[in-house]
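**Student:** quick check, what structure comes out for this input:
(chains A, B and C)
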Amino acid sequence: MNYGRRFLILWVVASVVLTPIVAIFVGPEIPPGNGSVQAAGQVLDNTVLVSVMTPVLLFVLLFVAFSLSHFRSSRSDTGDGPADRGNSRIQMVWAVVTTVTVLGLATFGSYQLIQDGAGGGQGPSAAFLPAGYASALNVQVIGQQWAFTYRYPSYGGVETPQLFLPANTLVRLNVTSLDVVHSFWAYQLGVKADANPGVNNVVYVQLKGPQSFDIRCAELCGLWHGYMFDTGHVVTPAAFKKWIAEQVAFYKPIEKYLPPYAPFYFPEPTHRAG
Amino acid sequence: MVYGRPVTNGWRLLAVAVGVVVVGALIGLYVSDYLVGNTPSYTPPVQQSGAGKSVNLTIETVAAVGPQLASNHPDWVSYLVREGSDWKRTTVWHVPADATVHVTLYNFDGASGLRNPFFARPSGIVGPMKVDGRPIDALDPNDASHTFAVPALGIVIPIAPVGDNAKNQCGYAPCSLSMAHRTITFTFRTGASGHYRWQCFVPCAAGYVFGNGGPMQTIGYMSGFLNVG
Amino acid sequence: MRRLIGFHLGTGVVFGVIGWYLGWFLGHQIHAESIEYFSDIDQNDVSIFLGYIIGVIGFLAGLGFLNYPLSRVAGRPAGLPADKGARRYFGMATDHKVVGIQYLWGIGLFFFIGGVNAMLIRTELLTPHSQVFPAGQYLTIVGTHGAMMMGIMSSAVLGPFANYFVPIMIGARRMAFPRLEALSFWLLMAAGGILTTTIFFGGFPTGWTGYAPLLDQANGGMDSYICFFALVGLSMCVLGLNLLATVMTMRAPGLTWFRLPIFVWGVVTTAALMVLASPVLIAVLGMGALDRTAQTTFFITSRGGSSYLYQNLFWIFGHPEVYILALPGFGIILELLPVFARKPLWGYKLAVAGMLGVTLLSWLVWQHHLFMSGINADSRPFYMFSTELISVPTGFTFLCGLMTLWRGRLRLTVPMLFCLAWFFNFLIGGLSGVFLADVPSNVTTHGSFFSMAHFHYTIMGGLVFAFFAAIYFWVPKMTGWAFNERLSKIHFWAMFIAFNSTFAPLFAIGFLGQSRRSVTYPSNLQFLNDWVSVSAFVLGISMLVFLYNLVYSVAFARVPAGSNPWGSRSIEWQLPSPVPPNDFDELPVFTGEPYGYGTNDPVWRPSAAPAPAGGST
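**Tutor:** Okay, the predicted model is just below:
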């Protein structure tokens, strides 16, 4: 009638059965999906996290359920339980196991992060650079109240209202803001970088095949924060060249008015209506 | 040992009354928030012709909306829309889907300048934008007074200013057409139905940080909804 | 009723309103026409701030807080506040039990107002595109819900239950600073009142975090938020200071630190965080107020400031703040489990170590709120490690709680049900925190509904469930009346099921790409949002069931609870219910910790009784 052994067997069996099921069927379904190398890396990370958490979740839930079913006292029972105040061996094992698990998860997460930046904004001096970063396509994302615009420095600094990117390219997104704090979130690409005024927030993303992706603002920026969304497009390199040429032609009349391309801007309108 | 006075009917009545007042106040809060939330809207009359549905929308932008139209914010800039012979301060407009919208905009306000010169290029319209009858394909960003932009539909219209030294400028709205103004006309097409927000992209809210507070962040002044369909 | 003249809430309100108008008038004299910048905008932040500040001073003066200092300055004896009758509850009270009950009512009131805001939010989110409320008003509702809940619930356990029971648990008759105790309560009430007036000044668009530079740009309603949170910070600081001083200096003889009830440890660690974190909040809000009134540019990058300054300062306060919310929950759960498992608290010292570990580590993790902000990229692995590590001391609490259950004789009373629900909820909340702590995973989940689900599971599923456990456990002691068992169980099951039904889908919604504080969302998420909204309405109704239970049990059914309905060994249950005005007839001397179930170890003896021969006291 060793409760402890019975519970441990129950827990081990449940974990051994459920953890592979979670790792194989649930993990890979966790968003954001396969739209970029960074997004796929996040899915792998989430899979590892959810697989490690399954035995933890099972332990606590099964423990409580087991206790409720075996140790419940009836209404008339007024006695006390055993005066068990602690067991230093159990405490030691628990402390070591939890610490090792948690440090292991943090190590794995750090490894994923260091590989290629994981799609998160890294500030002006990015530390975690994917392979081939020096020849990445530079695109600037300008957040303002309440729309994103995009500049392409390698195409004369043209500014466009839509984000088109060539497939299978490494892109360096330079995210900045003209006024308050916004956040550029390209969902299917697994990219998120806050847009702070006066700061260039760099994020790398290695694109895969053509697709559309949702762009949302992820930092409350005022009245139209919820409407600050858009659709971006990853297109074939040929389609991209065609599109950018069209944009350059269309925005030619204001080419002379745009400030020279810079990592960030402090624009001050000249007049102020009374 | 029970500590406390015996319960009389008076106390019970008080307890019930307090409970009812609390619940009633909570419900009242809920309902009143809902009622205060309603914004007036405007639907221009729809004309049907061989080319499909079309509407004419006449709007104006003013430097100070005046106590008659906004008693709590008389000094705020604002859009107004013409309904019949009156100017109404409503920025929620209903237009039909798959229709052509002809817009005439009278601007009575001076220049503020664009924060992002990108918005000086009109886009998303059928044919050119016309300022006082002349087609324009870009405004000097420093001259922009306001913009009318529907980002989800790709529509950007920079609005030309009344000169700083113009005579007979309008003070408080409503403004009459005999006062200094510019006339901007443009046409766009609507597609599928939906709720699209529109806003100004010129930081015209004087005195607020970045020029984007106050009227720029309050529906009924410099932004609103274009409800299509 | 004839003594309406005097110092009480009525006078406080009158003086507060007079103070408001005085401040408003002064503000108009200071600001105005001579300063060209201000003449452009039609709101006068200086007036609003001065109005609130002088109004609060008037409010406190009307309540009688200036009586003692002014009397001493004049060299006269100060009048004492009323110590009998219902009038005590409507003024400055120096009996810690009265303050505890005042806190319970005050927190309940603002909790319900915040809850109504939540119902409004879910009403708006029933459809992705239509506008029940205009977009600007929605943001104010979201901000008021968040600010009200965070500000008020920070004191939800320490206010009512620590003020009432900590002196009793340590064998004292009062707190170290009774007038400060009353001050912390009335400051909180003034703060809550101020936040409800934000709508008159246009509301505020920043959400509860108040990020600058949007904070600088916002309408006058932003000033209400700033004053609210600064007063909340002051109230927390005073409350924590008082509790720390009381536990440090006023413990009865024999009560060593390791004989303290674990609830008191939870209170002490929370109080330490309150005292240290609140000043940072007050400082950063003060900077925001200066930006809005004196044209400083602390947070405006183009003028030499930085938006990061706000973010870092806010979260240096903000992260300890969430442990201020979580730690009292740990204390309550570990305090109640031994009573209902009829076993000692397992691993008492480990539980204390867990609480101390959480307190210490909470200062080292704040940048996990800023992983995507463009902070120094190299620092992120450090914060990932420190954040993941904080789950280790939290895990100690779980271990001690679980092992207390093991081989006990579990009694499923209503407080016990809430404790068990806490395990379930905080587990899910904590595990989702591990996801958020992982930077690659955080890229998608930051700023989305996933993080909303995480903190609702830990704060509402954790603290609020523990709060209700404490209510069902201790309110019979405070009022002397037992709760109706059937209504309580209905409340519990409705709340538990509706809570999980409301917040579990939010994890999915966040992963599917819906960002926080957005009044609109992709149409394919409508079904999930509707499910969540309906569940939220049921959750709201379960709160009404609780209200009904409270009024029914305390005003109508009036079944006496008796002095020890739960059979607890803790000292407060050895006193009559409700506790008499002078608490103890004789102060106790402690001889052990209160968890000796299954033994006959005594906990305390009256000081007049002789010490046992040959033993230590």
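**Student:** next secondary structure after the least confident helix or strand in chain C by mean pLDDT?
**Tutor:** Least confident helix or strand, chain C: helix C:36-40 with a mean of 45, by mean pLDDT, DSSP states H and E. Using DSSP states H and E, the next helix or strand after helix C:36-40 towards the C-terminus is helix C:45-63.
**Student:** please name every helix or strand in contact with that following helix.
**Tutor:** helix C:9-30, helix C:178-196, helix C:221-249, helix C:262-293 (3 or more CB pairs under 8 Å, 6 or more residues apart in numbering or on different chains; DSSP states H and E). The C-beta positions use only the backbone N, C-alpha and C, and glycine is treated the same way.
**Student:** ok, residues contacting the helix or strand following that helix?
**Tutor:** Reading on from helix C:45-63 to the C-terminus, the next helix or strand found by DSSP H and E is helix C:67-74. Contacting residues not belonging to helix C:67-74 are listed as C:F7, C:P77, C:A78, C:G79, C:R179 [CB atoms under 8 Å, 6 or more residues apart in numbering or on different chains].
**Student:** will you turn the helices and strands packed on helix C:45-63 into JSON lines that also has mean neighbour count and mean pLDDT?
**Tutor:** Compiled in JSON lines, those are given as follows (neighbours: other CB atoms under 10 Å in any protein chain shown; pLDDT from 0 to 100):
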{"stretch": "helix C:9-30", "mean neighbour count": "18", "mean pLDDT": "90"}
{"stretch": "helix C:178-196", "mean neighbour count": "23", "mean pLDDT": "95"}
{"stretch": "helix C:221-249", "mean neighbour count": "24", "mean pLDDT": "96"}
{"stretch": "helix C:262-293", "mean neighbour count": "23", "mean pLDDT": "96"}
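**Student:** reformat those as JSON lines; add distance to B:M216.
**Tutor:** Formatted as JSON lines, the helices and strands packed on helix C:45-63 follow (distance: least, CB to CB, whole Å):
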{"stretch": "helix C:9-30", "distance to B:M216": "24"}
{"stretch": "helix C:178-196", "distance to B:M216": "25"}
{"stretch": "helix C:221-249", "distance to B:M216": "15"}
{"stretch": "helix C:262-293", "distance to B:M216": "17"}
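**Student:** what's the closest of the ones you listed to chain A?
**Tutor:** When the helices and strands packed on helix C:45-63 are compared by CB to the nearest CB, helix C:221-249 sits nearest chain A, at 11.7 Å.
**Student:** for B:K167, which non-adjacent residue is closest in space?
**Tutor:** Nearest non-adjacent residue to B:K167, counting by CB to CB, 6 or more residues apart in numbering or on different chains: B:A180, 6.4 Å away.
**Student:** neighbours around residue 46, how many?
**Tutor:** Assuming you mean chain A. 24 (other CB atoms under 10 Å in any protein chain shown).
**Student:** other chain: chain C
**Tutor:** 24.
**Student:** sorry, back to before: distance to chain A for the helices and strands packed on helix C:45-63 - can I get that in CSV?
**Tutor:** Formatted as CSV, the helices and strands packed on helix C:45-63 follow (distance: least, CB to the nearest CB, whole Å):
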stretch, distance to chain A
helix C:9-30, 21
helix C:178-196, 18
helix C:221-249, 12
helix C:262-293, 13
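**Student:** okay, the angle between the biggest helix by length in chain C and helix C:262-293?
**Tutor:** Longest helix of chain C, by residue count under DSSP state H: helix C:307-341. Here the directions of helix C:307-341 and helix C:262-293 differ by 160 degrees (axes from the mean of the first three to the mean of the last three CA atoms, to 10 degrees).
**Student:** packing partners for helix C:307-341?
**Tutor:** Checking 3+ CB pairs under 8 Å, 6+ apart, helix C:307-341 ends up next to helix C:135-153, helix C:262-293, helix C:348-361, helix C:391-405, helix C:414-437, helix C:465-479.
**Student:** switch the ones you listed over to CSV; also include distance to C:P580.
**Tutor:** What follows is the helices and strands packed on helix C:307-341, written out as CSV (distance: least, CB to CB, whole Å):
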stretch, distance to C:P580
helix C:135-153, 30
helix C:262-293, 21
helix C:348-361, 30
helix C:391-405, 32
helix C:414-437, 24
helix C:465-479, 12
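**Student:** now do the SS call for B:H195.
**Tutor:** Put simply, B:H195 is strand when judged by DSSP: H, G, I helix; E, B strand; the rest coil.
**Student:** mind listing the residues bridging to it?
**Tutor:** B:N227 (DSSP bridges).
**Student:** correct me if wrong: A:G117 contacts A:A131.
**Tutor:** No: using CB atoms under 8 Å, A:G117 is not in contact with A:A131, being 11.5 Å away.
**Student:** so between those two, which is more surrounded?
**Tutor:** Using other CB under 10 Å as the criterion, A:G117 and A:A131 rank with A:G117 on top: 29 against 9.
**Student:** show me what contacts that one?
**Tutor:** A:G117 neighbours (CB under 8 Å, 6+ apart): A:Q38, A:A126, A:F128, A:L129, A:P130, A:V203, A:Y204, C:A377.
**Student:** just give me the closest of those residues to chain B.
**Tutor:** A:V203 (21.3 Å).
**Student:** alpha carbons only: can I get stretch C:337-349 in PDB?
**Tutor:** Output of stretch C:337-349 as PDB, limited to C-alpha atoms (Å, rounded to 0.1, in the frame of the first residue of the first chain):
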ATOM      1  CA  LEU C 337      -3.700  23.700   3.500                       C
ATOM      2  CA  PRO C 338      -2.500  22.400   6.900                       C
ATOM      3  CA  VAL C 339      -5.900  23.200   8.400                       C
ATOM      4  CA  PHE C 340      -7.800  21.300   5.800                       C
ATOM      5  CA  ALA C 341      -5.400  18.500   5.300                       C
ATOM      6  CA  ARG C 342      -5.000  18.100   9.100                       C
ATOM      7  CA  LYS C 343      -1.200  17.900   8.800                       C
ATOM      8  CA  PRO C 344       1.600  20.200   9.600                       C
ATOM      9  CA  LEU C 345       2.900  22.500   6.800                       C
ATOM     10  CA  TRP C 346       5.400  20.300   5.000                       C
ATOM     11  CA  GLY C 347       8.800  21.800   4.600                       C
ATOM     12  CA  TYR C 348       8.200  25.100   6.500                       C
ATOM     13  CA  LYS C 349      11.700  26.400   6.100                       C
END
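**Student:** buried residues in that stretch, which are they?
**Tutor:** Buried residues in stretch C:337-349, counted by 16 or more other CB atoms under 10 Å in any protein chain shown: C:L337, C:P338, C:V339, C:F340, C:A341, C:R342, C:K343, C:P344, C:L345, C:W346, C:G347, C:Y348.
**Student:** and the pLDDT at C:S307?
**Tutor:** Among the per-residue scores, C:S307 shows a pLDDT of 92.
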